[in-house]
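J.: Pasted the sequence and its predicted model underneath.
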Amino acid sequence: MTLFQELKARGLIAQMSHEKEIEELLNSESVKFYGGFDATADSLHVGHLMFLITMRRFQQAGHRPVALLGTATTLIGDPTGKTDMRKMLTPEQIDYNATCFREQMSRFIDFGEGGAEIVRNGDWFADIKYLDFLGEIGRHFSVNKMLSAECFRSRYEGKGLTFLEFNYMLLQSYDFLHLYRTKDVKLQLGGDDQWSNVLAGADLIRRVDGEKAYAMTFALLATKAGIKMGKTEKGALWLSADKCSPYDFYQYFRNVDDSDVIDKLKMLTFVPLEEIDEREKLVKAGDGAKINEAKELLAYEMTALVHGREEAEKAQNAAKSVFSGSGGSEDIPTTLLYDKDFDLENGKISAVSLLVKTGLCSSNRDARTTIEQGGFSVDGEKITDVNALIEITEHVIIKKGKKNFHKAARQLKQKG
């Protein structure tokens, strides 16, 4: 099976500029392609996974990735899918975030000799004069056409679009032109919400240099119901272990809906399609045990991709131990609670405070609601009294809802 056929079979491709030509290109030569990442935070998140995994598939098939870190475009802010203007970051913050991205990307993409390249668009935009840019690039863009693009229209018809953000498509398009000229990059990849921007870059190359370049977008990470994946009760599902523990990451994918598990195995993992097809037959037959096995496989493979096999093993073992009630809670997320004058009073803490301090609830109100609705238990015992005090001798295993487990451990030493 060729790369193109596998991308199709796994449901990864959303849109392409020239389907037949792209297929022939990928089958006949080693193609340089690029994907861009705006450095808006100090960690990539699960929304980047489709991009990273697709780039990895291309590289394994013999193609050459160029990972572009948007140190310039991050200053502008992509309006796609945003209801408000992006928070402005300083160049120093962006540079730090880009450095963090580089380290995380290396888990998916080989940057060794002869492998992938990494570039920063701030390196070429810093030397471009604005009037020259308008004269060479801006004249090829129709305002009417830009406003019809989904990435602009939703903002334009909503809270409004700033002129700063309106420049984003021009800058991203120029990235493609620059990489085409300097590195012979012929193909740009992007999420399907970026289709207008990706296509505009290929069109700019045709208009300015009279050459053909290609655009491809991949499916976004969403459920079958069309709900975007990647948000948890604690916020975004980050790829950094400091922001999201391997256990929490594992649990997120372990808890996907039954109807989504096969699609996600195809799209996100490198499990052979033949094996997934066999599992699909059992899942469709409604075999509950096989559905859970498929979920565990998905969670394990995803955690191994992001955090390594060792952490995936720990997370899987911890999850099985906690759910079976057999102990083994060493690897589940843990909050240390300190004695008098800090968290505990005579070894006790209120149920409301416990939920908030462990991060299972965002506020006291959220915690009270959770308790009143019967969604909180300690060591297997349901707590329904919002005024309850929880005694912690060494540690307790607390649960919110059916699937969110956490350990609260007593720390006899005082903070500091």
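T.: Ah, there it is. Numbers count the residues shown, from 1 in each chain.

J.: got a pLDDT number for Ser28?
T.: Model confidence at Ser28, given as pLDDT, is 94.

J.: no, scratch that, I was asking about Thr71
T.: The model reports Thr71 with a pLDDT of 92.

J.: ok, now which ones touch the closest residue to it other than its chain neighbours?
T.: The shortest distance from Thr71 to any non-neighbouring residue, by C-beta to C-beta, 6 or more residues apart in numbering, is to Gly122 (3.5 Å). Where C-beta positions appear, they are placed from N, C-alpha and C, glycine not excepted. Counting by C-beta atoms under 8 Å, 6 or more residues apart in numbering, Gly122 makes contact with 71-72, 91, 94.

J.: Distance of Gly122 relative to Ala98?
T.: 9 Å (C-beta to C-beta, to the nearest Å).

J.: Show me the strands in the stretch 1-150 of the chain, by range?
T.: Assignment of strands within the stretch 1-150 of the chain using DSSP state E, counting those that start in this stretch yields the ranges 13-16, 32-37, 64-69, 117-120.

J.: related to what we said a few turns ago, need the contacts of Gly122 in TSV (columns: distance to Asp110 and neighbour count).
T.: As requested, these are exported to TSV (distance: C-beta to C-beta, whole Å; neighbours: other C-beta atoms under 10 Å):
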residue	distance to Asp110	neighbour count
Thr71	22	21
Ala72	26	21
Pro91	29	12
Ile94	25	22
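
J.: Pick the one among those closest to Asp277.
T.: Thr71 (42.8 Å; C-beta to C-beta).

J.: Am I right that the closest one is in contact with Trp124?
T.: No - the pair Thr71 / Trp124 is not scored as a contact, 10.4 Å apart, by C-beta atoms under 8 Å.

J.: quick one: pLDDT of the residue nearest to Thr71?
T.: 93.

J.: Next up, the contacts around the residue most central in space within the chain.
T.: Closest residue to the average C-alpha location of the chain: Val46 at 1.8 Å, with C-alpha atoms, centre = their mean. The neighbours of Val46, taking C-beta under 8 Å, 6+ apart as the test, are 221, 229-230, 236-239, 252.

J.: May I ask which of these has the most neighbours?
T.: Leu239 (25 neighbours; other C-beta atoms under 10 Å).

J.: Give the closest residue to it in space, chain neighbours not counted.
T.: Leaving aside its chain neighbours, Leu239 sits nearest to Leu44 (4.6 Å; criterion: C-beta to C-beta, 6+ apart).

J.: Could I get the pLDDT score of that neighbour?
T.: 93.

J.: do Thr232 as well
T.: For Thr232, the model assigns a pLDDT of 66.

J.: what's the answer for Tyr250, then?
T.: Note on Tyr250: pLDDT of 93.

J.: From Lys407, how far off is it?
T.: Tyr250 is 15 Å from Lys407, by C-beta to C-beta.

J.: These two: which is more packed in?
T.: Of the pair Tyr250 and Lys407, Tyr250 is the one with more neighbours under other C-beta under 10 Å, namely 28 against 20.

J.: pretty sure the more buried one is touching Gln316, no?
T.: Yes - if you go by C-beta under 8 Å, Tyr250 and Gln316 touch, sitting 6.4 Å apart.

J.: what do these two both touch?
T.: What both Tyr250 and Gln316 touch, as defined by C-beta under 8 Å, 6+ apart, is the set 299-300, 303.

J.: Report the buried residues of stretch 184-199.
T.: By 16 or more other C-beta atoms under 10 Å, the buried positions in stretch 184-199 come out as 185-199.

J.: try stretch 126-133
T.: So, applying 16+ other C-beta under 10 Å, stretch 126-133 has no buried residues.

J.: neighbouring contacts of that stretch?
T.: Taking C-beta under 8 Å, 6+ apart as the rule, stretch 126-133 contacts 72, 170, 174.

J.: Check the offset of it from the chain's centre.
T.: The chain centroid and the centroid of stretch 126-133 are separated by 33 Å under C-alpha atoms, centre = their mean, to the nearest Å.

J.: got it, and stretch 373-384?
T.: Chain-centre distance of stretch 373-384: 32 Å, with C-alpha atoms, centre = their mean.

J.: Do me a favour and get the end-to-end distance for that stretch?
T.: 8 Å (C-alpha to C-alpha, to the nearest Å).

J.: Neighbours of Tyr168, how many?
T.: Residues lying near Tyr168 (other C-beta under 10 Å) number 22.

J.: right, I mislabeled it, should have said Ala388
T.: 16.

J.: how close does it sit to Asp123?
T.: 58 Å.

J.: for Leu12, same thing?
T.: Distance, Leu12 to Asp123, by C-beta to C-beta: 30 Å.

J.: And those two? Which one has more around it.
T.: Taking neighbours as other C-beta under 10 Å, Leu12 and Asp123 compare with Leu12 leading, 19 against 12.

J.: how far away is the more buried one from Asp192?
T.: Note on Leu12: its distance to Asp192, by C-beta to C-beta, is 10 Å.

J.: Next: Leu220.
T.: 5 Å.

J.: Name the residues contacting each of those two.
T.: Common contacts of Leu220 and Asp192 (C-beta under 8 Å, 6+ apart): Ala14.

J.: For this structure, give me the ranges with low pLDDT.
T.: 77-86, 150-160, 231-235, 322-331, 340-342, 403, 412-416 (pLDDT under 70).

J.: Kindly report the domain assignment for it.
T.: 3-218, 231-324, 334-411 (automatic domain parsing).

J.: gap between the two ends of the shortest one?
T.: It stands for domain 334-411. Termini of domain 334-411 sit 11 Å apart (C-alpha to C-alpha).

J.: How about the first one?
T.: One end of domain 3-218 sits 14 Å from the other (C-alpha to C-alpha).

J.: What of stretch 271-291?
T.: Start to finish, the residues bounding stretch 271-291 are 16 Å apart (C-alpha to C-alpha).
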